[in-house]
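Engineer: need a structure here:
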Amino acid sequence: MSRMLEEIRQQPETLARTLAREMASARSFKKLVEKRRPKLIVLVARGTSDNAALFGRYLLEITTGIPVSLAAPSITTIYRAAVDYREALVVAISQSGESTDINVVLERARAQGAMTLGITNESGSSLAKLAEHVFLVRAGKERSVAATKTYTGQMLILYLLAHALGGAIRIPDLERLPEAVEATLALEPEIAALSERYRFMRYAVVVGRGFNYANAFEFALKLMETCYVVAERFSSADFLHGPIALVEPSFPVFAFAPAGATWPSIGETLEKLYRLHAEIAVITDPRNPQAGTHATRVIRLPIRLKEELTPIPYVIPAQLLAACLASQKGLNPDQPRTLSKVTLTL
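Structural biologist: Residues are numbered from 1 along each chain as shown. I've put the predicted structure just below:
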């Protein structure tokens, strides 16, 4: 069994531990921002953490009304532009806490007087030392190069951050997420069997929107780095504006399809793909029985979830599928070729 698969299975425990231990940090930060509410939030990240940041952008803007920007670190590190972060909350997200460019942006923002916050899995990291405030993902050591439990842990911290900033995030809802993930992990045998269908897949598209747009990026990244599948990712809106021309019969498309505000857009996309005879695999739950109407395969979670709470449970089948597909292809998802756990860039 791969370490990646082991770490996917550890996520209920990771989420429960992170929530229990970081509630105090959330309460303290909530008191601070009540006195000094930021006018802008800037999220800084790379790789899987950047996908968590993309989720954070939707979550924070929707629940708090504060504008959120995703930083381009090269603006600071390569072009050496002087960006004014003085009235912003700058949040750096990094599994290792050792991403050079992320830390440079955070350091310069703090020197300007910005409020800075770090989200990392490593309490002794450079990031944890640079940030004024720190939230820790309590995932334990993540040994597989392909990040899984730190991704969902970062997402959970972003829920806590939204709560601290006054967003309509209920702690009892967050406390149910570990159980929701545990229930979803029971789908592993079904997903392992499904992975055989895609053994010879070389290209794919992943579609999501709103809260699950980031999961489309993360699923595609996992397919690329562990299975060497060329995977493009799109919002359902952008996909219909041109890339759908790629699709021919049996073209593989994976879609996140919760009930809620994004369903009409996702549903329209699935209907068009179905008419094109695409190979469509949908991740959904019992709140959206329509999701299987225009799908070749349906991965239906055994729990009912409000749309804003779907991202963490919904990414679990995607992670499982990537890990199982790598095994089907005879690949080691723990050590993708040319990759290492910590990537240093400027």
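Engineer: ranges for the helices of the stretch 101-250 of the chain?
Structural biologist: Defined through DSSP state H, counting those that start in this stretch, the helices belonging to the stretch 101-250 of the chain, from first to last, are 126-130, 149-164, 171-175, 177-185, 188-195, 213-227, 236-240.
Engineer: so which of those is nearest Asn103?
Structural biologist: Proximity to Asn103, assessed across the helices of the stretch 101-250 of the chain by C-beta to C-beta, is greatest for helix 126-130 (5.4 Å). The way it works is simple: take the backbone N, C-alpha and C, and place the C-beta from them, glycine included.
Engineer: wait, Gln154 sits on Gly47?
Structural biologist: No - between Gln154 and Gly47 there is no contact, the gap being 11.2 Å when judged by C-beta atoms under 8 Å.
Engineer: per-domain residue ranges of the protein.
Structural biologist: Per automatic domain parsing, the structural domains of the chain span 3-175, 179-328.
Engineer: Serialize those to JSON lines and add fields for distance to Asp334, mean pLDDT and mean neighbour count.
Structural biologist: Output for those, formatted as JSON lines (distance: least, C-beta to C-beta, whole Å; pLDDT from 0 to 100; neighbours: other C-beta atoms under 10 Å):
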{"stretch": "domain 3-175", "distance to Asp334": "4", "mean pLDDT": "96", "mean neighbour count": "20"}
{"stretch": "domain 179-328", "distance to Asp334": "9", "mean pLDDT": "96", "mean neighbour count": "20"}
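Engineer: and these: which comes nearest Gln335?
Structural biologist: Ranking those by their distance to Gln335 (criterion: C-beta to C-beta) puts domain 3-175 first, at 6.0 Å.
Engineer: what about the closest one, how long is it end to end?
Structural biologist: When the termini of domain 3-175 are compared using C-alpha to C-alpha, to the nearest Å, they are 26 Å apart.
Engineer: same thing with stretch 115-126?
Structural biologist: From its first residue to its last, stretch 115-126 covers 17 Å (C-alpha to C-alpha).
Engineer: and for the residue most central in space within the chain, nearest residue in space, chain neighbours not counted?
Structural biologist: Taking C-alpha atoms, centre = their mean, the centroid of the chain lies closest to Ala52, which sits 3.9 Å from it. Leaving out its chain neighbours, the residue that sits closest to Ala52 by C-beta to C-beta, 6 or more residues apart in numbering is Gln154, at 3.9 Å.
Engineer: which residues touch that neighbour?
Structural biologist: For Gln154, the contacting residues are 49, 52, 93, 95, 119, 137, by C-beta atoms under 8 Å, 6 or more residues apart in numbering.
Engineer: quick check, the third one in a strand?
Structural biologist: Yes - counting by DSSP: H, G, I helix; E, B strand; the rest coil, Ile93 is found in a strand.
Engineer: separation between it and Leu160?
Structural biologist: Going from Ile93 to Leu160 by C-beta to C-beta, to the nearest Å gives 13 Å.
Engineer: and the helices of the stretch 101-250 of the chain as CSV, adding distance to Ser265?
Structural biologist: Compiled in CSV, these are given as follows (distance: least, C-beta to C-beta, whole Å):
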stretch, distance to Ser265
helix 126-130, 36
helix 149-164, 22
helix 171-175, 24
helix 177-185, 24
helix 188-195, 25
helix 213-227, 11
helix 236-240, 5
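Engineer: for Val247, which of those is the nearest?
Structural biologist: Across those, the minimum distance to Val247, taken as C-beta to C-beta, is reached by helix 236-240, at 9.2 Å.
Engineer: which elements pack onto that closest one?
Structural biologist: Helix 236-240 makes packing contacts with strand 203-208, helix 263-275 when contacts are defined by 3 or more C-beta pairs under 8 Å, 6 or more residues apart in numbering; DSSP states H and E.
Engineer: can you lay out those as CSV showing distance to Glu87?
Structural biologist: As requested, these are arranged in CSV below (distance: least, C-beta to C-beta, whole Å):
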stretch, distance to Glu87
strand 203-208, 32
helix 263-275, 34
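Engineer: which stretch among the ones you listed comes nearest Met224?
Structural biologist: When the helices and strands packed on helix 236-240 are ranked by distance to Met224, counting by C-beta to C-beta, first place goes to strand 203-208 at 9.6 Å.
Engineer: surely Leu316 touches Leu185?
Structural biologist: Not Leu; residue 316 is Ile. Yes - here Ile316 lies in contact with Leu185, judged by C-beta under 8 Å, at a distance of 6.4 Å.
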